[in-house]
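Asks: This is a predicted model, with the sequence first.
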Number of protein chains: 2
Amino acid sequence: MNYFSSDFKLGILGGGQLGKMLLTETRKFDIQTYVLDPSDEAPCKIGCNQFFKGDLMDYDTVYNFGKQVDVLTFEIEHVNVTALEKLEAEGIQVYPSPKTLNLIQNKGTQKDFYAHHKIPTADYRRFETLAELIRAVEEKHIIMPFVWKSTEGGYDGMGVKVVRNAETLESLPDVQCIAEAMVPFKNELAVIVARNPSGEIKTYPVVEMEFHPEANQVEYVICPARIDHVVSEKARAIALKVSEHFDHVGLLAVEMFQTIDDEILVNEVAPRPHNSGHYSIEASYTSQFEQHLRAILDLPLGNTDSKAAGIMVNLVGEEGYSGNVVYENIDKIMKLDGVTPHIYGKKQTRPFRKMGHVTIVNKDIEQARRIAEEVKNTIRVIA
Amino acid sequence: MNYFSSDFKLGILGGGQLGKMLLTETRKFDIQTYVLDPSDEAPCKIGCNQFFKGDLMDYDTVYNFGKQVDVLTFEIEHVNVTALEKLEAEGIQVYPSPKTLNLIQNKGTQKDFYAHHKIPTADYRRFETLAELIRAVEEKHIIMPFVWKSTEGGYDGMGVKVVRNAETLESLPDVQCIAEAMVPFKNELAVIVARNPSGEIKTYPVVEMEFHPEANQVEYVICPARIDHVVSEKARAIALKVSEHFDHVGLLAVEMFQTIDDEILVNEVAPRPHNSGHYSIEASYTSQFEQHLRAILDLPLGNTDSKAAGIMVNLVGEEGYSGNVVYENIDKIMKLDGVTPHIYGKKQTRPFRKMGHVTIVNKDIEQARRIAEEVKNTIRVIA
């Protein structure tokens, strides 16, 4: 198959920042792209060959879009899987496959999958309704505090809550959910695994998500994770095991906990380029976006090693500001060594909206960490 | 000035591969771009906010285009300078300035500039017509062999010829020209200097252009140049001196010869991102394209150091092939360590047309050089 400067067409469902960073790679390789997104202001509107506006959850919209391309991928999991299944049955290559997506879209199914394949994960129980969950707590099958997760529709920490008392419990929405044991952990880690249809597999280094000590928000993604080599090898091995069982094509980002006993528990996965891999654009020999493209097109996978230490800082809208975005002090952070801002191109900011990220690359990881903190304390996303 | 996700508009004259790689950076920063190019199939047609088709040498076209933007830059020197002067006079920021462009567009003026500022360069004489040159040779003011250069319109080795005998001499076109002494040299070197309106200046490392032993074509651009540290410091210092005298804004690529006596002679300059800096996309902390953008927008300049050794191989159309391009064996080179192809997006190949380039990044420069040779011997740009 000839992808480069040819008639080949890659379809991308979703036109957000992940799609936009993927388009940088399709442009580099001169691969034609069609993008579908519900918003007229999608960051992907520029940089693709053709942009289509439409609902990603609508069967006909997704099906008709997919029929025009040779390979179909997505940058968001909330898409119409039935349409993908139909397209796959009709010979369109859909990567990651609808099968993978089906396993992942429902957090209950995803947990069952780990349990079935003996992949270490926090203990959990599934409930169809809120009433069922409340009864289980009353009957002491579930002990507070625990972690409540809606099985569907959750995104970026939405649909997740720590339940410590009856009041919180009763305020939960009445949806299918899981109750998960709270596991004291030292670190949140992630490993991105790439796999192509020929079966070639590569893993990126283990990264560490450093949280704000008070707010429960990832502040920095740090590559490589500053953890013991034995633990990091264990994390990489578990990520590989997850990848093998999913039998996916494309990237699989595996999020994990490192417990206080240095056990590794799988939290959840995403079958696509991931926030925890953004550092790779500057720090890795092959960025995760180029790698996703190589993987779904069955090209040889690139080197996942790092050229230098990389740290990513998310740029989210500051609380109290909504409207036309202004990146205050962006010129100040651009003075700092090895700092690259990525602005996603959303015109409007609102509290906690992901507006961009900043990568810090340095030979010395501790120096990178200091610069990252300065970046964090300097730039403000306001209106 | 707020450039990021704002109403600010950057205009780019020329929509070829240099513009395309610059657009990658404007997308990363979400800076609005307008592009003017004569071809409907320009690589920049995708990735800019608005594309305009038009003649870059036409006064009205360039002027009307320029009136719509806040800052105007170019990716090719063959543009209507009178229109740029008018735009500048009317308050549009034009970087590099028409003054810089005027000095550079004519190779005779450029050489006079070096002579005037005591910047070392090969001895030369200017001639208004071919007849004048022939007379000077007959009168033995000019001794063959020498290097003939057309003062205007040359590009990528066009308009340059080594004159060894009367036959070649008489076959030259009747244009303004210079005759330059042939200087035996060890290496062709280049240094890219970045400068912003505030006067901040940074130089990239010295790179080496390795030529094919028979064909007179650059095969590899190697960063850093494998030369003595003293010579490399001298080259960097001379490049800085050139930059200071040009007083330019944006990038200035300074091409130089290292003579057999380790003297440095300036050959010519280009006031824009340059083929000799393409390695920087993967190998440098700040790519030359991001740096050009930082410079013309008066943002702080980024770190010009390298994360690893970088080598660039040009992908040019193979002799004997014209038509719809095919990149034969591109999948084979993508298997090699640290290899990234850049495909410019030209649909049609023809002999020696620049169709793309490949970067090889490696901690070990000798290993990078071996891989570069394998790349060169494997990939073929055919039809």
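Replies: Nice, thanks for sending it over. Numbers count the residues shown, from 1 in each chain, chains lettered A, B, ... in the order given.

Asks: only C-alpha atoms for contact and neighbour calcs from this point on.
Replies: Fine.

Asks: Residue in the stretch 101-250 of chain A with the shortest distance to chain B?
Replies: Chain B sits closest to residue A:200 of the stretch 101-250 of chain A, with a gap of 11.2 Å, by CA to the nearest CA.

Asks: What count of nearby residues applies to residue A:268?
Replies: Here the count is done by other CA atoms under 10 Å in any protein chain shown, and residue A:268 has 17 residues near it.

Asks: I'd say it and residue A:252 touch.
Replies: No. Under the criterion of CA atoms under 8 Å, residue A:268 is not in contact with residue A:252, lying 10.2 Å apart.

Asks: Wait, residue A:63 touches residue A:85, no?
Replies: No. With contact defined as CA under 8 Å, residue A:63 does not count as touching residue A:85 (9.4 Å).

Asks: So for the two, which sits in the more crowded spot?
Replies: Relative neighbour count places residue A:63 above the other of residue A:63 and residue A:85, with 19 against 16, counting by other CA under 10 Å.

Asks: Could you find the closest non-adjacent residue to the more buried one?
Replies: residue A:83 (5.2 Å; CA to CA, 6 or more residues apart in numbering or on different chains).

Asks: State the helix or strand in which that neighbour lies.
Replies: Using DSSP states H and E, residue A:83 sits within helix A:81-89.

Asks: Determine the set of other helices and strands touching that helix.
Replies: For helix A:81-89, the packing partners by 3 or more CA pairs under 8 Å, 6 or more residues apart in numbering or on different chains; DSSP states H and E come out as helix A:59-66, strand A:93-94, helix A:98-105.

Asks: Now stretch A:326-344: buried residues?
Replies: Residues of stretch A:326-344 classed as buried: A:326-327, A:330-331, A:333-334, A:336-344 (neighbour count, 16 or more other CA atoms under 10 Å in any protein chain shown).

Asks: Repeat that for stretch A:79-88.
Replies: By 16+ other CA under 10 Å, the buried positions in stretch A:79-88 come out as A:79, A:80, A:81, A:82, A:83, A:84, A:85, A:87, A:88.

Asks: Going by proximity to chain B, name the top residue of chain A.
Replies: Nearest to chain B, among the residues of chain A, is residue A:47, at 4.2 Å (CA to the nearest CA).

Asks: if I pick the closest residue in space to residue A:300 that isn't next to it in sequence, what's in contact with it?
Replies: Sequence neighbours aside, residue B:335 is the residue nearest to residue A:300 in space, at 5.3 Å (criterion: CA to CA, 6+ apart). By CA atoms under 8 Å, 6 or more residues apart in numbering or on different chains, the contact list for residue B:335 reads A:300, A:301, A:302.

Asks: Need those in a markdown table (columns: distance to residue B:273, secondary structure and neighbour count).
Replies: Shown next, in a markdown table, are the contacts of residue B:335 (distance: CA to CA, whole Å; DSSP: H, G, I helix; E, B strand; the rest coil; neighbours: other CA atoms under 10 Å in any protein chain shown):
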| residue | distance to residue B:273 | secondary structure | neighbour count |
| --- | --- | --- | --- |
| A:300 | 30 | coil | 20 |
| A:301 | 29 | coil | 23 |
| A:302 | 27 | coil | 25 |
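
Asks: could you pull out the strands for the stretch 1-150 of chain A?
Replies: In the stretch 1-150 of chain A, the segments counted as strands under DSSP state E, counting those that start in this stretch are A:9-13, A:32-37, A:50-53, A:71-74, A:93-94, A:124-127, A:146-150.

Asks: Given the second one, what are its sheet partners and their directions?
Replies: When pairs are called by DSSP bridges, strand A:32-37 turns out to pair with strand A:9-13 (parallel), strand A:50-53 (parallel).

Asks: Just say which of those is most tucked in.
Replies: Sort the strands paired with strand A:32-37 by mean neighbour count, taking mean count of other CA atoms under 10 Å in any protein chain shown, and strand A:9-13 sits at the top with a mean of 24.

Asks: how far off helix A:59-66 does it point, in degrees?
Replies: For strand A:9-13 against helix A:59-66, the angle by axes from the mean of the first three to the mean of the last three CA atoms, to 10 degrees is 150 degrees.

Asks: Apart from its neighbours in sequence, what residue is nearest the residue of the stretch 101-250 of chain A closest to chain B?
Replies: Residue A:200 sits nearest to residue A:301 (CA to CA, 6+ apart), 7.2 Å away.

Asks: can you tell me which helix or strand residue A:358 belongs to?
Replies: In the assignment (DSSP H and E), residue A:358 maps to strand A:354-362.

Asks: what comes up buried for the helix or strand following that strand?
Replies: For strand A:354-362, the following helix or strand on the C-terminal side (DSSP H and E) is helix A:365-378. Neighbour-count burial for helix A:365-378 flags A:365, A:368, A:369, A:371, A:372, A:375, A:376 (criterion: 16+ other CA under 10 Å).

Asks: Need the residues that contact the one helix or strand residue A:243 maps to.
Replies: Using DSSP H and E, residue A:243 maps to helix A:229-246. Helix A:229-246 has contacts (CA under 8 Å, 6+ apart) with A:100, A:114, A:117, A:119, A:191-193, A:203, A:205-206, A:225, A:252, A:254, A:256, A:262-264.

Asks: quick one: strands adjacent to the helix or strand just after that helix?
Replies: Sequence-wise, the next helix or strand downstream of helix A:229-246 (DSSP H and E) is strand A:250-259. Neighbouring strands of strand A:250-259 in its sheet, by DSSP bridges, are strand A:185-195 (antiparallel), strand A:264-270 (antiparallel).

Asks: With respect to burial, which of those strands scores highest?
Replies: Stretch with highest mean neighbour count among the strands paired with strand A:250-259: strand A:185-195 (a mean of 24; mean count of other CA under 10 Å).

Asks: chain center to that strand, what's the gap?
Replies: Offset of strand A:185-195 from its chain centre (CA atoms, centre = their mean, to the nearest Å): 11 Å.

Asks: now the angle from it to helix A:229-246?
Replies: Angle, strand A:185-195 to helix A:229-246, by the same axes, to 10 degrees: 50 degrees.

Asks: who's in contact with strand A:185-195?
Replies: By CA under 8 Å, 6+ apart, strand A:185-195 touches A:201-210, A:225, A:235-236, A:239-240, A:243, A:248-260, A:276-277, A:291-292, A:295, A:301.

Asks: Dump the strands of the stretch 1-150 of chain A to a markdown table, plus mean pLDDT.
Replies: Below are these laid out as a markdown table (pLDDT from 0 to 100):
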| stretch | mean pLDDT |
| --- | --- |
| strand A:9-13 | 98 |
| strand A:32-37 | 98 |
| strand A:50-53 | 98 |
| strand A:71-74 | 97 |
| strand A:93-94 | 96 |
| strand A:124-127 | 96 |
| strand A:146-150 | 94 |
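
Asks: who does residue A:195 bridge with?
Replies: Legend: beta-bridge partners of residue A:195 under DSSP bridges are residue A:201, residue A:250.

Asks: now do the same end-to-end measure for stretch A:147-165.
Replies: End-to-end distance for stretch A:147-165: 12 Å, by CA to CA, to the nearest Å.

Asks: Same question for stretch A:162-179.
Replies: End-to-end distance (CA to CA), stretch A:162-179: 10 Å.

Asks: Show the contacting residues for the closest residue to residue A:121 other than its chain neighbours.
Replies: In space, and not counting its chain neighbours, residue A:121 is closest to residue A:265: 4.4 Å by CA to CA, 6+ apart. Applying CA under 8 Å, 6+ apart to residue A:265 gives the contacts A:119, A:120, A:121, A:122, A:256, A:257, A:258, A:259.

Asks: Next one: the third one from residue A:162, what distance?
Replies: Just to be clear, that refers to residue A:121. Residue A:121 is 17 Å from residue A:162, by CA to CA.

Asks: Name the residue in those two with the higher neighbour count.
Replies: Taking other CA under 10 Å, residue A:121 and residue A:162 do not tie; residue A:121 has more neighbours (21 against 16).

Asks: Could you report the distance from the more buried one to residue B:79?
Replies: Relative to residue B:79, residue A:121 is positioned 63 Å away (CA to CA).

Asks: if I pick the residue nearest to residue A:63, what's in contact with it?
Replies: By CA under 8 Å, 6+ apart, the contact list for residue A:83 reads A:59, A:60, A:62, A:63.

Asks: No further queries at this time; thank you.
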